[in-house]
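In: I'll drop the sequence and a predicted model, then ask my questions.
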Amino acid sequence: MKNNKLLVGIIICAFFIPLISFSQFATAAEDTSLSDVLAAGEIVIGVDAAYPPFEQINAATDAVEGFDPSIMAFIAEDMGVDIVWNDVAWDTIFTSLAIGSYDCVMSAVTITTDRMVEMNFTRWYYFSTQAVMVTTANPKNITVIEDVDDASIKVGIQAATTSQWYLEDEEYAADMVSFATITLAIEALEAGTVDVVLGDLATLAAGQSANPGDFEIVDNFSPEAFGIACPGGSTALVDRMNEAIDKLLGTDPYNPEFSTYYNETHELWMGNEVAVDLDQLKEALDSLIVEESRPTISGASIFSLIAVIPVTIYSIIRKLKKRK
Amino acid sequence: MENNNNKNNSKDEKNKIKEILSQIRLTRKNFGWWIFGVFVAILFVGFVRTWFNPEAHYFDPILGIINLILLPFGHTIDSLDFRMEDILYGLASGAQLTFIVSMVSLIVGFFFALILAVILVNKSHLYGLKLIAQSYVDFFRSTPLLVQVLLVYYGFAESMGDVIRSLNIPMFSYEVFAGILALALNTAAYQAEIIRGGILAIPTGQTEAARALGLTSGQTMRYVILPQAIRIIVPPLTNELINVLLNSSLISAIGVRDLTKKSQSLQARFSLWEVFLISAVFYFVIAFSLSKITKRLEVKLRIPGLGVVND
């Protein structure tokens, strides 16, 4: 009986070891992303519709509206499919994408190298920076992003956004308060529970114009390009959507030529004309190019790692203890 | 005469040392304890390193060992996954906070529970104190912990928020304070019931004997009842220890960056659900080692001859 247990342990180990070694050579399944969408005649899109002016719920019609839906309407028309909007919470939006709850996520998603590991992005369709917003009174006297490096300052951000990663990566000392949506963070700024809000420039500008005279945008940082996120491996769908976006922005991502439709949409939702700083754009796009392929392991391998180590140690201990 | 005594004493001491040495000698019987001891020693080395080198992380030596284990497979953590180091360090700092928060709230809760239990077993009504204590225990045992955490967090925000922030202690924000307070208040109610049960388990003959010897009721409680009761309640208290540790995951709801919150945020960052698997391992390591240590304590503090012993 005792020997049997040891044997089982060794067999389990032996079963998991190949998973570690060969996971990197696992081949992807056939890409049916585009044909599935075309066959269904509709594209299901995950969105967190609490991010004006990019996406919000129209109070009268209950439909999702904003800059992103307008762009998506053009792409869907180009592809000849209908759009189904799926309004979900931001913090689990990519998990649901990974398990296939929708075809893609279009919710002002910044393209980052971290996210590119698990999903495929289209080319950028909107370019902007992040911004620092304070109240007009500005009691803590914040003028640049580096002022946030102070433990007495409370920073409001939306949870699991690039603003949070920026704060964590720069290791700023500020007290970080995360909110489920950016509108809650802006409300907290108005109520005085936070001293400063970090977020996308256009969103903060929308919050500023909704409460005229209350807020002030003092600094820009971290240029960011937005793309549509599709599950990993769905290259066909991404390529098809890129074709459509090319019609809006021109084929060269570094030198965009804005179409009339894009200009009109931008002016309708953002309230100003398109103005992209080409140097900042180049900086942002270059930072997305990863030279060497970075190693990643699959979930099965992580599980096998977690299983292999204790089982091995356990069987060794057991063997040493029971042998007489 | 004195010389002889000294000799005997030194002989006894020598025997004692020999006995201790024979107990801790590496044998097959205590092999697991040695592994655990080495694990703790490595963690301690990591802690000491962080004093001298602020850049270092106490988790570094553990990562080194994981690398060592992976070496036969021709890998290191970095060569397996470039995100893994971020995830492990992030979760380790979260685990640190989870451990500290649950230990502090357990200890604070214990002293509060002791007062509550003494009030609860008292015969007299103590000017309504008994009613207050009983309703406190009933309230905290009959409402969900998550609601209590939110109540404490929003309830004390006005009065305590600025006070805590003005103290300016690193890692001790108002959120952490509210989390510790809520956990302590909750565990105090449960521990009060445990301690009350322990006190009631002492036969009345003991109280009668103590009173007959001339001890006051306060002295009886302090010198006769409580020392025995504490030894009886060690097993349920260790159970409560694990409960508090695992319940502390609920304070992530108010934004304390503990193990659960960290794993949520890392999961969102890398969209990798397996982060929760790793955080479960972190919880398991802490809780399982605690339960093993407290098992030792239980055996040691057991009152000889009381109850059935089968281990």
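Out: Sure, I can see it.

In: Averaged pLDDT, stretch B:19-39. What do you get?
Out: Mean pLDDT, stretch B:19-39: 76.

In: May I have the phi/psi pair for residue B:54?
Out: In this entry, residue B:54 is assigned phi and psi values of phi -60, psi -20 (degrees, to the nearest 10).

In: now swap in residue A:155 and tell me
Out: Phi and psi for residue A:155, reported as degrees, to the nearest 10, are phi -110, psi 130.

In: so what's it up against?
Out: A:148, A:167, A:172, A:174-177, A:194-198 (C-beta atoms under 8 Å, 6 or more residues apart in numbering or on different chains). (C-beta placed from N, C-alpha, C; glycine too.)

In: Make a ChimeraX selection of the buried ones in the residues you listed.
Out: In ChimeraX, a selection of the buried entries from those looks like this (16 or more other C-beta atoms under 10 Å in any protein chain shown):
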select /A:148,167,172,174,175,176,177,194,195,196,197,198
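
In: Show me the contacts of residue A:155 that map onto helices.
Out: residue A:167 (DSSP state H).

In: Now the helix or strand containing residue A:187: buried residues?
Out: Using DSSP states H and E, residue A:187 maps to helix A:182-191. Across helix A:182-191, burial judged by 16+ other C-beta under 10 Å covers A:182-183, A:185-189.

In: Intersect the residues you listed with the contacts of chain B.
Out: The subset of the buried residues of helix A:182-191 within reach of chain B, by C-beta under 8 Å from any C-beta of the partner chain, is empty.

In: how about those residues in JSON lines, adding pLDDT?
Out: Shown next, in JSON lines, are those (pLDDT from 0 to 100):
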{"residue": "A:182", "pLDDT": "88"}
{"residue": "A:183", "pLDDT": "88"}
{"residue": "A:185", "pLDDT": "90"}
{"residue": "A:186", "pLDDT": "90"}
{"residue": "A:187", "pLDDT": "88"}
{"residue": "A:188", "pLDDT": "87"}
{"residue": "A:189", "pLDDT": "89"}
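
In: what's the closest of the residues you listed to residue B:306?
Out: residue A:188 (56.7 Å; C-beta to C-beta).

In: Give me every residue in chain B lying close to chain A.
Out: Listed as neighbours of chain A in chain B under the rule C-beta under 8 Å from any C-beta: B:28-29, B:31-32, B:35, B:66, B:69-70, B:73-75, B:78-84, B:165, B:168, B:170, B:173, B:255, B:264-265, B:267-274, B:277-278, B:281.

In: In helices, which of those fall?
Out: B:31-32, B:35, B:66, B:69-70, B:78-80, B:84, B:165, B:264-265, B:267-270, B:274, B:277-278, B:281.

In: Can you say which of those are buried?
Out: Using 16+ other C-beta under 10 Å as the burial test, those include B:32, B:66, B:70, B:80, B:84, B:165, B:264-265, B:267-270, B:274, B:278, B:281 as buried.

In: now the contacts of residue A:155 as JSON lines including pLDDT and distance to residue B:51?
Out: Formatted as JSON lines, the contacts of residue A:155 follow (pLDDT from 0 to 100; distance: C-beta to C-beta, whole Å):
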{"residue": "A:148", "pLDDT": "87", "distance to residue B:51": "28"}
{"residue": "A:167", "pLDDT": "88", "distance to residue B:51": "27"}
{"residue": "A:172", "pLDDT": "84", "distance to residue B:51": "24"}
{"residue": "A:174", "pLDDT": "82", "distance to residue B:51": "25"}
{"residue": "A:175", "pLDDT": "81", "distance to residue B:51": "25"}
{"residue": "A:176", "pLDDT": "84", "distance to residue B:51": "26"}
{"residue": "A:177", "pLDDT": "84", "distance to residue B:51": "31"}
{"residue": "A:194", "pLDDT": "86", "distance to residue B:51": "34"}
{"residue": "A:195", "pLDDT": "88", "distance to residue B:51": "33"}
{"residue": "A:196", "pLDDT": "92", "distance to residue B:51": "33"}
{"residue": "A:197", "pLDDT": "92", "distance to residue B:51": "37"}
{"residue": "A:198", "pLDDT": "93", "distance to residue B:51": "33"}
